[in-house]
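Visitor: what would the 3D arrangement of this be:
(2 chains)
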Amino acid sequence: MSARTESEETYLDWAASTPMRPEALQAMVQAAQDGYGNPTGAHHRARVGRRIVDDARDQVADAVGAEPSEVIFCGSGTEADNLAIFGAHATNNGHVACSAIEHHAVLHPVQHLGGTVLDVDSAGQLDIAQLRSIANDDLAIVSVMLANNETGVVQRLDEIRAVLDELAPNALLHTDAVQAFPWLDVAELAAPADLISLSGHKFGGPKGVGVLIVRSHADIKAQTLGGGQEFELRSGTHNVAGIAALGVAAQMMASERAQVVENVGALRDRLVGGIMQALPDTIESARQVGDAAVEKVAGSAHVCFPGIESEALLFKLERVGIYASAASSCASGAQDPSHVLAAMGYPRELAAGSLRMSLGFGTTDADIDRALAIIPECVQTLRAASA
Amino acid sequence: MQVMVAMSGGVDSSVAAAMMLDAGHEVVGVTMKLWGGPSDKGCCSVSDVLDARRAADAIGVDHHVFNFGDDFERHVIAPYVTEHDAGRTPNPCIECNRSIKFARLLERADALGFDAVVTGHHAQIVTVGDGTRRIARAVDVAKDQSYVLHMIPPKDLARVEFPIGGLEKSVVRQMAADMGMRVANKPDSQDVCFISSTTSRDEFLGDRLTHTPAEVVDTDGNQVGQVDSIQLVTIGQRKGLGLAGGSPAQYVNNVDIGAQRVTIGTRQDLLSESVELDVLTWVGEPVSQGLVAQTSAHGATRPARVHANTVTWETPQQRVAPGQTVVLYDGDIVVGGGVAR
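Guide: Numbering: from 1, shown residues only, chains lettered A, B, ... in the order given. This next block holds a predicted model:
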């Protein structure tokens, strides 16, 4: 029962993690074989490793519109977020702030430092007025994610930048672009940010490697001390193989993005449309405010089923090989109530029936056919059982 | 059958899952996340979930985690605090079994198309003359948990199994060892799962209610000591009462929250002929004679008879604290139970 064949799998959890691109996997294996020297060494074998890391650095720089010297490789998106928040705070002990819908990798550091958690509206957009109210000389950093990991809602960083330029000249703008990178032109949309986080496994790279872009003018302090391998901002021997794979995946994502967005956007619309048609009381999160459509990334299909417990629905879907998620998972693997939906004002009962289906570059028409054949039926079965 | 096994990460539920699989059932393991606090043991910590997951891996069954934290807060934690604040002595394990394991989880299992919920409790289920299923004592009497399971109604028992109830604990551990389970030698869980070894009951309750100091008086009303928290005092207690040393042993025989007064006396003063129950629920037909009653989770049993809501002891017994559960047995079979007034 626990063994399932691949053909029975419909993977709709790309926002949690993606399969590796074959090219990235190949680069990873090659780098592990060839680049075993320590990249900071002075001999040939060390230089092979160094070259692999620096090639990947160029690939990432080009993919996000940064200089190679602004690319800091680290161990994960979470580490990148922590480095941004703690590193900016450490420069002058200034105030830190973030939006209420940030990933825990940002939210917990900000709360740990006694910072301000800024409200969002029902569409998940930052409360700019509240930001203005705390923006002053003492503000060290504001962190607002470019695209949200649960709802896919996209934030306008240029508006936030304008507030900081006007009222908080010392503040850095950090954006967690972990979820945005597969879908949005980060080079353009994150241009207003001083610090940008990425995570390899969200776009066809491996787990255990992330990036913090630190613009050359941005002053932050290292949080991991040691050999100073990454421009004195991050210490630790390079994960050469992981970095190589991340570089390849980043380059591919940037070059294929427009096509992926077009294809996957159509699949997402068909998926959500099909579910809404089968179950008209379904609520798609943050779809519209008044007449205006909310901008969301193409791979995000996030809905709430009134009267359903997502934990039960996910269990049922998993049993037939449909893999999705609800909110973020806690360390035990349990689904915690979504702080994102709570911040957007969703009642707890409604948020308890949320389903996050996230698509990616490998999602197919057949995946959507299968999802539409099964998900509405599972929802109806659960409703019948609890009636 | 398709069965959902509640796996706590302990040896009992791990072996229970393996036994159900061996018996040919389709098994899915579930760990309930009930508590997000700092408890380092019991059924809720991340390391226990790891143990449960690894036991499921070793057996070869799927494992899921259900988050029933809201329900646990509402049905177990909140009443636990309220009861203490009212000067009563609650049993949260009974409330957890009543509201979470054999209600919430059972409903979830039903909705997902499972035929039964299986746990690693040390208790047996027997079929009596009228064809209904009843809770009975475990073979390993020292580990018996029928007391905290007494209130599961027969209709729900039809969808419950306790596979290890017929085994001695030592046998359960041996089976786990034979299967190569890492949890084979894991210590038994003790006490209340949401109160850890680093957070005392005092601290836990202190975060949720205001400890009220009280005077300690003897049976003549003379003050002889004092306590910082009357909510932590229970009937029969003899330590932590601020008494002068050297005097003969004295026991709490009354807790009056309203008057902020704890009364102590000799063991003799503590004895009582009977106990009144707030709500007495019979599993089947009421039984009046030939019963034995148990008043705490692993307490001794005493012969008793029942009239209306009064349990009368054959020989006087230590007074039962208000809030404590009294479970009635006919031999080894649970026939009823209620909460002391």
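Visitor: going by C-alpha atoms from here, please, whenever you check contacts or count neighbours.
Guide: Will do.
Visitor: and the chain, what are its domains?
Guide: Assuming you mean chain A. As given by automatic domain parsing, the domain ranges for chain A are A:6-19+A:257-386, A:22-252.
Visitor: look at chain B instead
Guide: B:2-185, B:211-265, B:270-340.
Visitor: looking at the ones you listed, which is buried most?
Guide: domain B:2-185 (a mean of 20; mean count of other CA atoms under 10 Å in any protein chain shown).
Visitor: hey, which of the domains of chain A is tucked in deepest?
Guide: domain A:22-252 (a mean of 21).
Visitor: for the chain, what spans make up the helices?
Guide: Unless you meant another one, I'm taking chain A. Along chain A, the stretches classed as helices by DSSP state H are A:22-34, A:44-64, A:77-92, A:104-112, A:128-134, A:157-167, A:186-189, A:240-278, A:310-319, A:339-343, A:348-351, A:365-386.
Visitor: actually it's chain B I care about, not the one you picked
Guide: Here chain B has its helices, by DSSP H, at B:11-22, B:46-59, B:69-72, B:78-85, B:92-96, B:105-111, B:154-157, B:169-178, B:201-206, B:267-270.
Visitor: report the buried residues of the last one.
Guide: If you call a residue buried by 16 or more other CA atoms under 10 Å in any protein chain shown, then helix B:267-270 has these buried ones: B:R267, B:L270.
Visitor: sketch out the low-pLDDT regions of the chain for me.
Guide: Since you didn't name a chain, this refers to chain A. Filtered on pLDDT under 70, chain A yields the residue ranges A:1-7, A:288-290, A:328-332.
Visitor: please refer instead to chain B.
Guide: Ranges of chain B meeting pLDDT under 70: B:37-45, B:191, B:197-198.
Visitor: give me every residue in chain B lying close to chain A.
Guide: Remark: the part of chain B in contact with chain A comprises B:26, B:33, B:45-46, B:49-50, B:60-62, B:64-67, B:108, B:110-112, using CA under 8 Å from any CA of the partner chain.
Visitor: so who does the spatially closest residue to A:A168 that is not a sequence neighbour touch?
Guide: Closest residue in space to A:A168, ignoring its immediate chain neighbours: A:N136 at 4.4 Å, by CA to CA, 6 or more residues apart in numbering or on different chains. Applying CA atoms under 8 Å, 6 or more residues apart in numbering or on different chains, we find A:N136 in contact with A:L167, A:A168, A:P169.
Visitor: quick check: A:D13 touching A:S325?
Guide: Yes. Judged on CA atoms under 8 Å, A:D13 makes contact with A:S325 at a distance of 6.5 Å.
Visitor: which residues do these two both contact?
Guide: Joint contacts of A:D13 and A:S325 (CA under 8 Å, 6+ apart) are A:R356, A:M357.
Visitor: please report how far the residue nearest to A:A168 lies from A:A100.
Guide: Distance, A:N136 to A:A100, using CA to CA, to the nearest Å: 20 Å.
Visitor: ok, now which ones touch residue 96?
Guide: The chain I'm using is chain A. Contacts of A:V96 by CA under 8 Å, 6+ apart are A:I85, A:H89, A:V110, A:L113, A:G114, A:G115, A:T116, A:L139, A:A140, A:I141, A:V142.
Visitor: look at chain B instead
Guide: Listed by CA under 8 Å, 6+ apart, the contact set of B:C96 reads B:F72, B:H75, B:V76.
Visitor: now A:H302
Guide: Contacts of A:H302 by CA under 8 Å, 6+ apart are A:E150, A:T151, A:G152, A:E284, A:S285, A:S354, A:L355, A:R356, A:M357, A:S358.
Visitor: how far away is it from chain B?
Guide: 20 Å (CA to the nearest CA, to the nearest Å).
Visitor: where's that residue relative to B:R267, distance?
Guide: Taking CA to CA, one finds A:H302 at 65 Å from B:R267.
Visitor: what about stretch A:117-124, distance to the chain center?
Guide: 18 Å (CA atoms, centre = their mean, to the nearest Å).
Visitor: surely A:G200 touches A:K207?
Guide: Yes. When contacts are counted by CA under 8 Å, A:G200 is listed as touching A:K207 (6.1 Å).
Visitor: give me the common contacts of these two.
Guide: Between them, A:G200 and A:K207 share the contacting residues A:S76, judged by CA under 8 Å, 6+ apart.
Visitor: the closest residue to B:E83 other than its chain neighbours: what's it in contact with?
Guide: The spatially closest residue to B:E83, leaving aside those adjacent along the chain, is B:P90, at 6.2 Å (CA to CA, 6+ apart). Applying CA under 8 Å, 6+ apart to B:P90 gives the contacts B:Y80, B:E83, B:H84, B:G323, B:Q324, B:T325.
Visitor: could you do A:S17 as well?
Guide: A:S17 sits in contact with A:H201, A:K202, A:F203, where contact means CA under 8 Å, 6+ apart.
Visitor: give me that answer again for 6 Å
Guide: Going by CA atoms under 6 Å, 6 or more residues apart in numbering or on different chains, A:S17 touches A:H201, A:K202.
Visitor: same check on A:P306?
Guide: Contacts of A:P306 by CA under 6 Å, 6+ apart are A:L350.
Visitor: measure it to A:F73 for me?
Guide: 43 Å.
Visitor: about what we covered before: and which of the contacts of B:P90 is nearest to chain A?
Guide: The closest of the contacts of B:P90 to chain A turns out to be B:Y80 (CA to the nearest CA; 23.5 Å).
Visitor: could you pull out the strands for the stretch 201-341 of chain B?
Guide: B:214-217, B:223-227, B:251-256, B:261-265, B:271-282, B:291-294, B:301-307, B:310-318, B:325-330, B:333-340 (DSSP state E, counting those that start in this stretch).
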